[in-house]
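**Student:** Here's a sequence, model it:
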Amino acid sequence: MQDDLKRHSYDFNLPDECIAQHPSQRRDESRLLVYNRRTRSVTHLLFNEIVALFSRGDLLVVNDTKVFPARLQGVKQSGGKIEVFLLEYPAPVDQNQPGASAMYGTQALFKSSRKPKPGSTIHISPHCVCIPQREIGRGKWEILLEIDQDQPLQKVIEAAGDIPLPPYINRPTGTNEQDRARYQTVYARQFGAVAAPTAGLHFTPALLKTLENNSVSIAPITLHVGYGTFSPVEAEIITEHKIHREYYEISAESAKKIRQTKQSGGKIWAVGTTSTRTVEYAATKTPEFGPSSGWCDLYITPGYQFKIVDNLITNFHLPRSSLMFLVSALCGRESLLHCYDVAVNEGYRFFSYGDAMAIISE
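**Tutor:** Below is the predicted model of the structure:
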(Lines give C-alpha, C1' and ligand atoms only; values in the text may rest on other atoms or scores of the structure.)
Protein backbone atom coordinates (compact mmCIF):
# COMPACT_ATOMS: atom_id res chain seq x y z
CA MET A 1 0.00 0.00 0.00
CA GLN A 2 2.91 2.39 0.72
CA ASP A 3 4.09 2.14 -2.90
CA ASP A 4 0.55 2.96 -4.03
CA LEU A 5 0.98 6.45 -2.57
CA LYS A 6 4.37 7.21 -4.15
CA ARG A 7 4.42 9.17 -7.38
CA HIS A 8 7.29 7.21 -8.95
CA SER A 9 5.25 4.01 -8.57
CA TYR A 10 3.10 5.20 -11.48
CA ASP A 11 5.84 5.22 -14.11
CA PHE A 12 5.58 2.99 -17.16
CA ASN A 13 7.42 2.66 -20.44
CA LEU A 14 5.60 4.49 -23.23
CA PRO A 15 7.22 4.82 -26.66
CA ASP A 16 6.44 8.10 -28.43
CA GLU A 17 4.74 6.23 -31.27
CA CYS A 18 2.04 5.08 -28.82
CA ILE A 19 0.82 8.66 -28.26
CA ALA A 20 -2.11 9.20 -30.63
CA GLN A 21 -1.77 12.36 -32.71
CA HIS A 22 -5.09 11.93 -34.51
CA PRO A 23 -8.41 10.23 -33.67
CA SER A 24 -9.39 6.87 -35.12
CA GLN A 25 -11.21 6.96 -38.44
CA ARG A 26 -14.53 6.27 -36.69
CA ARG A 27 -15.26 7.12 -33.07
CA ASP A 28 -16.52 3.67 -32.09
CA GLU A 29 -13.79 1.75 -33.93
CA SER A 30 -11.18 2.56 -31.30
CA ARG A 31 -9.84 -0.47 -29.48
CA LEU A 32 -11.09 -1.38 -26.01
CA LEU A 33 -9.07 -3.19 -23.36
CA VAL A 34 -11.40 -4.77 -20.79
CA TYR A 35 -10.11 -5.53 -17.30
CA ASN A 36 -12.30 -7.73 -15.09
CA ARG A 37 -11.63 -6.95 -11.43
CA ARG A 38 -13.07 -10.25 -10.20
CA THR A 39 -11.20 -12.60 -12.53
CA ARG A 40 -8.23 -10.24 -13.10
CA SER A 41 -8.45 -11.07 -16.78
CA VAL A 42 -7.76 -8.86 -19.80
CA THR A 43 -9.72 -9.11 -23.04
CA HIS A 44 -9.63 -7.06 -26.23
CA LEU A 45 -12.62 -5.65 -28.14
CA LEU A 46 -13.50 -2.88 -30.52
CA PHE A 47 -15.24 -0.06 -28.71
CA ASN A 48 -18.54 -0.67 -30.50
CA GLU A 49 -18.60 -4.16 -28.94
CA ILE A 50 -18.88 -2.67 -25.45
CA VAL A 51 -22.66 -3.19 -25.55
CA ALA A 52 -22.13 -6.86 -24.68
CA LEU A 53 -20.67 -5.86 -21.29
CA PHE A 54 -23.85 -4.12 -20.10
CA SER A 55 -26.89 -5.66 -18.42
CA ARG A 56 -30.51 -4.51 -18.51
CA GLY A 57 -31.05 -1.87 -15.84
CA ASP A 58 -27.49 -0.51 -15.94
CA LEU A 59 -26.88 3.24 -16.14
CA LEU A 60 -24.31 5.12 -18.21
CA VAL A 61 -23.21 8.45 -16.69
CA VAL A 62 -21.80 10.87 -19.28
CA ASN A 63 -20.25 14.33 -18.93
CA ASP A 64 -21.98 16.70 -21.35
CA THR A 65 -19.53 19.59 -20.99
CA LYS A 66 -18.48 21.23 -24.25
CA VAL A 67 -14.96 22.45 -25.02
CA PHE A 68 -14.85 26.14 -25.89
CA PRO A 69 -12.16 27.76 -28.09
CA ALA A 70 -10.06 28.95 -25.14
CA ARG A 71 -6.90 29.79 -27.09
CA LEU A 72 -7.09 33.39 -28.34
CA GLN A 73 -4.50 35.21 -30.47
CA GLY A 74 -4.08 38.92 -29.77
CA VAL A 75 -1.97 42.00 -30.41
CA LYS A 76 -0.60 44.18 -27.60
CA GLN A 77 -0.59 47.96 -27.70
CA SER A 78 3.10 47.75 -28.61
CA GLY A 79 2.24 45.71 -31.69
CA GLY A 80 3.67 42.48 -30.29
CA LYS A 81 1.79 39.22 -30.67
CA ILE A 82 0.42 37.43 -27.61
CA GLU A 83 -1.60 34.29 -26.92
CA VAL A 84 -4.35 34.46 -24.31
CA PHE A 85 -5.36 31.06 -22.92
CA LEU A 86 -8.63 31.29 -21.02
CA LEU A 87 -8.60 28.95 -18.01
CA GLU A 88 -12.35 29.14 -17.38
CA TYR A 89 -15.33 30.29 -19.40
CA PRO A 90 -15.74 34.05 -18.78
CA ALA A 91 -18.47 35.20 -16.39
CA PRO A 92 -20.36 38.53 -16.59
CA VAL A 93 -19.01 41.33 -14.41
CA ASP A 94 -21.38 43.85 -12.82
CA GLN A 95 -20.88 47.32 -14.22
CA ASN A 96 -21.80 50.57 -12.49
CA GLN A 97 -22.19 52.37 -15.78
CA PRO A 98 -24.08 50.73 -18.65
CA GLY A 99 -22.27 51.32 -21.93
CA ALA A 100 -21.58 50.07 -25.41
CA SER A 101 -19.57 47.11 -24.10
CA ALA A 102 -20.18 44.16 -21.80
CA MET A 103 -17.45 43.03 -19.40
CA TYR A 104 -16.59 39.43 -18.54
CA GLY A 105 -14.03 38.18 -16.04
CA THR A 106 -11.90 35.05 -15.96
CA GLN A 107 -8.34 33.82 -15.46
CA ALA A 108 -5.83 33.29 -18.24
CA LEU A 109 -2.28 32.35 -19.16
CA PHE A 110 -0.29 34.59 -21.49
CA LYS A 111 2.31 33.47 -24.02
CA SER A 112 4.47 36.26 -25.44
CA SER A 113 8.02 37.61 -25.43
CA ARG A 114 7.14 39.96 -22.55
CA LYS A 115 4.44 40.05 -19.91
CA PRO A 116 1.54 42.40 -20.58
CA LYS A 117 1.09 45.41 -18.32
CA PRO A 118 -1.90 45.49 -15.96
CA GLY A 119 -4.58 47.74 -17.38
CA SER A 120 -3.21 47.58 -20.92
CA THR A 121 -5.34 46.40 -23.82
CA ILE A 122 -4.88 43.37 -26.05
CA HIS A 123 -6.81 43.43 -29.31
CA ILE A 124 -8.39 40.01 -29.94
CA SER A 125 -10.96 40.72 -32.65
CA PRO A 126 -13.15 43.58 -33.91
CA HIS A 127 -15.60 42.71 -31.13
CA CYS A 128 -13.26 41.69 -28.29
CA VAL A 129 -10.51 43.34 -26.23
CA CYS A 130 -8.63 41.67 -23.36
CA ILE A 131 -7.58 43.80 -20.36
CA PRO A 132 -5.04 42.16 -18.00
CA GLN A 133 -5.84 43.00 -14.36
CA ARG A 134 -3.20 41.39 -12.15
CA GLU A 135 -0.89 38.39 -11.97
CA ILE A 136 -1.99 35.92 -9.30
CA GLY A 137 0.85 33.36 -9.35
CA ARG A 138 2.14 30.41 -11.38
CA GLY A 139 1.74 32.42 -14.58
CA LYS A 140 -1.99 32.99 -14.06
CA TRP A 141 -3.63 36.37 -14.54
CA GLU A 142 -7.02 37.81 -13.74
CA ILE A 143 -8.36 39.42 -16.90
CA LEU A 144 -11.40 41.19 -18.27
CA LEU A 145 -12.83 40.68 -21.73
CA GLU A 146 -14.61 43.69 -23.20
CA ILE A 147 -17.22 42.53 -25.71
CA ASP A 148 -19.42 44.70 -27.92
CA GLN A 149 -22.83 44.93 -26.24
CA ASP A 150 -24.70 43.63 -29.29
CA GLN A 151 -22.47 40.55 -29.66
CA PRO A 152 -23.14 37.25 -27.78
CA LEU A 153 -20.06 36.16 -25.84
CA GLN A 154 -20.17 32.60 -27.18
CA LYS A 155 -20.33 33.80 -30.79
CA VAL A 156 -17.36 36.15 -30.28
CA ILE A 157 -15.21 33.46 -28.65
CA GLU A 158 -16.09 30.85 -31.27
CA ALA A 159 -15.12 33.28 -34.04
CA ALA A 160 -11.84 34.38 -32.44
CA GLY A 161 -10.64 31.31 -30.57
CA ASP A 162 -9.00 27.98 -31.28
CA ILE A 163 -9.74 24.61 -29.62
CA PRO A 164 -7.06 24.02 -26.94
CA LEU A 165 -5.63 20.59 -27.71
CA PRO A 166 -3.40 18.98 -25.04
CA PRO A 167 0.33 19.78 -25.30
CA TYR A 168 1.25 16.23 -26.34
CA ILE A 169 -0.79 16.54 -29.56
CA ASN A 170 1.46 18.22 -32.12
CA ARG A 171 -0.25 20.85 -34.28
CA PRO A 172 2.43 23.34 -35.47
CA THR A 173 -0.07 25.24 -37.64
CA GLY A 174 -3.01 25.06 -35.21
CA THR A 175 -6.05 22.82 -35.00
CA ASN A 176 -7.87 21.61 -38.08
CA GLU A 177 -11.48 20.82 -38.98
CA GLN A 178 -11.09 17.23 -37.79
CA ASP A 179 -9.95 18.45 -34.36
CA ARG A 180 -12.87 20.85 -34.07
CA ALA A 181 -15.29 18.02 -34.79
CA ARG A 182 -13.62 15.13 -32.99
CA TYR A 183 -12.33 16.84 -29.84
CA GLN A 184 -15.96 17.05 -28.66
CA THR A 185 -18.27 14.28 -27.52
CA VAL A 186 -21.42 13.75 -29.60
CA TYR A 187 -23.49 14.64 -26.51
CA ALA A 188 -21.58 17.85 -25.60
CA ARG A 189 -24.13 20.50 -24.62
CA GLN A 190 -22.82 22.76 -21.85
CA PHE A 191 -20.17 25.25 -23.03
CA GLY A 192 -17.37 25.62 -20.48
CA ALA A 193 -14.46 23.12 -20.67
CA VAL A 194 -10.87 23.73 -21.77
CA ALA A 195 -10.31 20.00 -22.29
CA ALA A 196 -12.59 17.25 -23.52
CA PRO A 197 -13.77 14.41 -21.25
CA THR A 198 -11.93 12.08 -23.60
CA ALA A 199 -13.45 8.73 -22.60
CA GLY A 200 -16.67 9.99 -24.16
CA LEU A 201 -15.07 10.64 -27.56
CA HIS A 202 -15.61 6.97 -28.51
CA PHE A 203 -19.41 7.06 -28.36
CA THR A 204 -21.59 7.61 -31.44
CA PRO A 205 -25.31 8.42 -31.52
CA ALA A 206 -25.95 4.93 -32.92
CA LEU A 207 -24.02 3.25 -30.11
CA LEU A 208 -25.89 5.25 -27.46
CA LYS A 209 -29.19 4.33 -29.13
CA THR A 210 -28.23 0.64 -29.10
CA LEU A 211 -27.55 0.83 -25.36
CA GLU A 212 -30.93 2.47 -24.74
CA ASN A 213 -32.64 -0.20 -26.85
CA ASN A 214 -30.99 -2.76 -24.56
CA SER A 215 -32.61 -1.10 -21.50
CA VAL A 216 -29.49 0.80 -20.46
CA SER A 217 -30.35 4.32 -19.29
CA ILE A 218 -28.16 7.38 -19.83
CA ALA A 219 -27.68 10.15 -17.25
CA PRO A 220 -25.90 13.34 -18.35
CA ILE A 221 -24.03 15.34 -15.74
CA THR A 222 -21.79 18.37 -16.23
CA LEU A 223 -18.25 18.99 -15.04
CA HIS A 224 -16.35 21.74 -16.85
CA VAL A 225 -12.87 20.26 -17.27
CA GLY A 226 -10.27 22.86 -16.29
CA TYR A 227 -6.64 23.45 -17.22
CA GLY A 228 -5.63 21.82 -13.95
CA THR A 229 -6.27 18.44 -15.55
CA PHE A 230 -2.88 18.91 -17.26
CA SER A 231 -1.07 20.02 -14.09
CA PRO A 232 1.73 17.63 -13.12
CA VAL A 233 1.79 16.07 -9.67
CA GLU A 234 4.97 17.37 -8.05
CA ALA A 235 4.66 15.85 -4.57
CA GLU A 236 6.37 12.47 -4.21
CA ILE A 237 3.69 11.37 -1.71
CA ILE A 238 0.64 11.72 -3.92
CA THR A 239 -1.79 12.50 -1.09
CA GLU A 240 0.13 15.77 -0.53
CA HIS A 241 -0.88 17.02 -3.98
CA LYS A 242 -3.65 19.65 -4.09
CA ILE A 243 -6.24 18.84 -6.75
CA HIS A 244 -7.80 21.56 -8.90
CA ARG A 245 -11.48 22.42 -8.51
CA GLU A 246 -14.01 22.40 -11.33
CA TYR A 247 -17.62 23.52 -11.59
CA TYR A 248 -20.25 20.76 -11.79
CA GLU A 249 -24.01 20.33 -12.05
CA ILE A 250 -26.24 17.29 -11.60
CA SER A 251 -29.90 17.72 -12.55
CA ALA A 252 -32.82 16.32 -10.59
CA GLU A 253 -33.57 13.90 -13.44
CA SER A 254 -30.03 12.49 -13.59
CA ALA A 255 -29.80 12.29 -9.80
CA LYS A 256 -33.04 10.30 -9.76
CA LYS A 257 -31.71 7.85 -12.37
CA ILE A 258 -28.51 7.31 -10.38
CA ARG A 259 -30.43 6.83 -7.13
CA GLN A 260 -32.93 4.41 -8.66
CA THR A 261 -30.21 2.36 -10.39
CA LYS A 262 -28.33 1.92 -7.11
CA GLN A 263 -31.54 0.93 -5.32
CA SER A 264 -32.51 -1.61 -7.99
CA GLY A 265 -29.10 -3.28 -8.13
CA GLY A 266 -28.07 -2.04 -11.58
CA LYS A 267 -24.49 -1.10 -12.32
CA ILE A 268 -23.37 2.53 -12.59
CA TRP A 269 -20.99 2.96 -15.53
CA ALA A 270 -19.02 6.21 -15.36
CA VAL A 271 -17.69 7.50 -18.67
CA GLY A 272 -14.34 8.95 -17.68
CA THR A 273 -12.63 10.26 -14.59
CA THR A 274 -14.63 13.51 -14.70
CA SER A 275 -17.98 11.71 -14.44
CA THR A 276 -16.50 9.56 -11.68
CA ARG A 277 -15.27 12.48 -9.60
CA THR A 278 -18.54 14.35 -10.07
CA VAL A 279 -20.92 11.64 -8.88
CA GLU A 280 -18.62 10.54 -6.07
CA TYR A 281 -18.31 14.14 -4.86
CA ALA A 282 -22.06 14.71 -5.14
CA ALA A 283 -22.67 11.61 -3.01
CA THR A 284 -21.13 13.47 -0.08
CA LYS A 285 -23.37 16.51 -0.53
CA THR A 286 -26.88 15.11 -0.10
CA PRO A 287 -28.17 12.44 2.33
CA GLU A 288 -29.86 10.59 -0.53
CA PHE A 289 -28.21 11.21 -3.87
CA GLY A 290 -29.97 14.32 -5.14
CA PRO A 291 -29.47 17.24 -7.52
CA SER A 292 -26.52 19.49 -6.70
CA SER A 293 -24.07 21.96 -8.17
CA GLY A 294 -20.92 23.73 -7.08
CA TRP A 295 -17.17 23.26 -7.19
CA CYS A 296 -15.80 19.72 -7.19
CA ASP A 297 -12.35 19.24 -5.69
CA LEU A 298 -12.53 15.53 -4.88
CA TYR A 299 -9.12 13.87 -5.15
CA ILE A 300 -9.38 10.10 -5.52
CA THR A 301 -6.31 8.02 -4.68
CA PRO A 302 -5.78 4.35 -3.73
CA GLY A 303 -7.69 3.50 -0.58
CA TYR A 304 -10.76 5.50 -1.60
CA GLN A 305 -14.06 3.64 -1.13
CA PHE A 306 -16.33 4.20 -4.12
CA LYS A 307 -19.92 5.03 -3.18
CA ILE A 308 -21.57 5.28 -6.61
CA VAL A 309 -19.39 4.03 -9.47
CA ASP A 310 -19.26 0.30 -10.23
CA ASN A 311 -17.62 0.24 -13.67
CA LEU A 312 -15.39 2.77 -15.41
CA ILE A 313 -14.73 3.56 -19.07
CA THR A 314 -11.56 5.59 -19.47
CA ASN A 315 -8.65 6.33 -21.79
CA PHE A 316 -4.99 5.52 -21.12
CA HIS A 317 -3.44 8.29 -19.03
CA LEU A 318 -0.10 10.03 -18.56
CA PRO A 319 2.44 8.52 -16.14
CA ARG A 320 2.35 9.95 -12.60
CA SER A 321 -0.96 11.72 -13.25
CA SER A 322 -3.87 12.19 -10.84
CA LEU A 323 -6.02 10.39 -13.42
CA MET A 324 -3.88 7.26 -13.02
CA PHE A 325 -4.30 7.49 -9.25
CA LEU A 326 -8.09 7.54 -9.62
CA VAL A 327 -8.15 4.51 -11.90
CA SER A 328 -5.77 2.69 -9.54
CA ALA A 329 -8.19 3.33 -6.68
CA LEU A 330 -10.76 1.27 -8.56
CA CYS A 331 -8.69 -1.59 -9.98
CA GLY A 332 -5.40 -1.53 -8.05
CA ARG A 333 -2.07 0.00 -9.06
CA GLU A 334 -0.33 -3.22 -10.04
CA SER A 335 -3.33 -4.33 -12.10
CA LEU A 336 -3.42 -0.97 -13.87
CA LEU A 337 0.29 -1.06 -14.68
CA HIS A 338 -0.15 -4.60 -15.99
CA CYS A 339 -2.97 -3.41 -18.25
CA TYR A 340 -0.81 -0.54 -19.49
CA ASP A 341 2.08 -2.90 -20.26
CA VAL A 342 -0.30 -5.16 -22.19
CA ALA A 343 -1.68 -2.14 -24.04
CA VAL A 344 1.80 -0.96 -25.07
CA ASN A 345 2.80 -4.44 -26.24
CA GLU A 346 -0.46 -4.81 -28.18
CA GLY A 347 -0.04 -1.46 -29.92
CA TYR A 348 -2.86 0.45 -28.23
CA ARG A 349 -2.93 4.21 -28.73
CA PHE A 350 -2.60 6.40 -25.63
CA PHE A 351 -3.99 9.68 -24.25
CA SER A 352 -6.78 11.95 -25.53
CA TYR A 353 -7.09 10.68 -29.11
CA GLY A 354 -6.15 7.13 -28.13
CA ASP A 355 -7.97 3.90 -27.36
CA ALA A 356 -10.04 3.08 -24.28
CA MET A 357 -10.22 0.64 -21.41
CA ALA A 358 -13.18 -0.59 -19.39
CA ILE A 359 -12.79 -1.67 -15.78
CA ILE A 360 -15.68 -3.93 -14.85
CA SER A 361 -16.66 -5.50 -11.56
CA GLU A 362 -17.74 -8.90 -12.89
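
**Student:** mind giving me the domain split of this protein?
**Tutor:** 3-67+179-360, 71-162 (automatic domain parsing).

**Student:** Now do the last one, average pLDDT.
**Tutor:** It stands for domain 71-162. Taken as a whole, domain 71-162 carries a mean pLDDT of 94.

**Student:** Between its first and last residues, how far does that domain reach?
**Tutor:** Terminal residues of domain 71-162 are spaced 5 Å apart (C-alpha to C-alpha, to the nearest Å).

**Student:** ditto for the first one
**Tutor:** The first and last residues of domain 3-67+179-360 sit 24 Å apart, counting by C-alpha to C-alpha.

**Student:** going forward can the numbers begin at 14, since that is how I track them
**Tutor:** Yes, from this point I'll number from 14; that puts the last item at domain 16-80+192-373.

**Student:** how far out from the middle of the chain is that domain?
**Tutor:** 9 Å (C-alpha atoms, centre = their mean, to the nearest Å).

**Student:** ok, now the last one?
**Tutor:** Taking C-alpha atoms, centre = their mean, one finds domain 84-175 lying 23 Å from the centre of the chain it belongs to.

**Student:** hmm, back to that, I'd like the domains of the chain laid out as a markdown table, including distance to residue 184 and mean neighbour count.
**Tutor:** Any C-beta I mention is one placed from the backbone N, CA and C, and that applies to glycine too. Converted to a markdown table, the domains of the chain look like this (distance: least, C-beta to C-beta, whole Å; neighbours: other C-beta atoms under 10 Å):
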| stretch | distance to residue 184 | mean neighbour count |
| --- | --- | --- |
| domain 16-80+192-373 | 7 | 19 |
| domain 84-175 | 9 | 16 |
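
**Student:** Return the member of those having the minimum mean pLDDT.
**Tutor:** Minimum mean pLDDT among the domains of the chain: domain 84-175, a mean of 94.

**Student:** just the strands in the stretch 164-313 of the chain please.
**Tutor:** For the stretch 164-313 of the chain, applying DSSP state E, counting those that start in this stretch gives strands covering 174-175, 203-206, 230-236, 259-263, 281-284, 305-309.

**Student:** okay, the ones you listed in a markdown table with distance to residue 105 next?
**Tutor:** Formatted as a markdown table, the strands of the stretch 164-313 of the chain follow (distance: least, C-beta to C-beta, whole Å):
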| stretch | distance to residue 105 |
| --- | --- |
| strand 174-175 | 18 |
| strand 203-206 | 14 |
| strand 230-236 | 19 |
| strand 259-263 | 15 |
| strand 281-284 | 31 |
| strand 305-309 | 18 |
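
**Student:** Can you check which of those strands gets nearest to residue 342?
**Tutor:** strand 281-284 (12.4 Å; C-beta to C-beta).

**Student:** Disregarding residues adjacent in the polypeptide, which is nearest to residue 228?
**Tutor:** Excluding its sequence neighbours, the residue lying closest to residue 228 (C-beta to C-beta, 6 or more residues apart in numbering) is residue 69, at 4.0 Å.

**Student:** Now for that neighbour: which residues touch it?
**Tutor:** Residues near residue 69 by C-beta atoms under 8 Å, 6 or more residues apart in numbering: 227-229.

**Student:** rewinding a little: include distance to residue 181 when you put the domains of the chain into a markdown table, please.
**Tutor:** Shown next, in a markdown table, are those (distance: least, C-beta to C-beta, whole Å):
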| stretch | distance to residue 181 |
| --- | --- |
| domain 16-80+192-373 | 6 |
| domain 84-175 | 16 |
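
**Student:** I'd like to know which of those lies nearest to residue 182.
**Tutor:** Once those are compared by C-beta to C-beta, domain 16-80+192-373 is nearest, at 5.9 Å.

**Student:** Run through the residues that contact the residue nearest to residue 362 when sequence neighbours are not counted.
**Tutor:** Excluding its sequence neighbours, the residue lying closest to residue 362 (C-beta to C-beta, 6+ apart) is residue 33, at 3.9 Å. Residue 33 makes contact with 362-368, according to C-beta under 8 Å, 6+ apart.

**Student:** Many thanks, have a good one.
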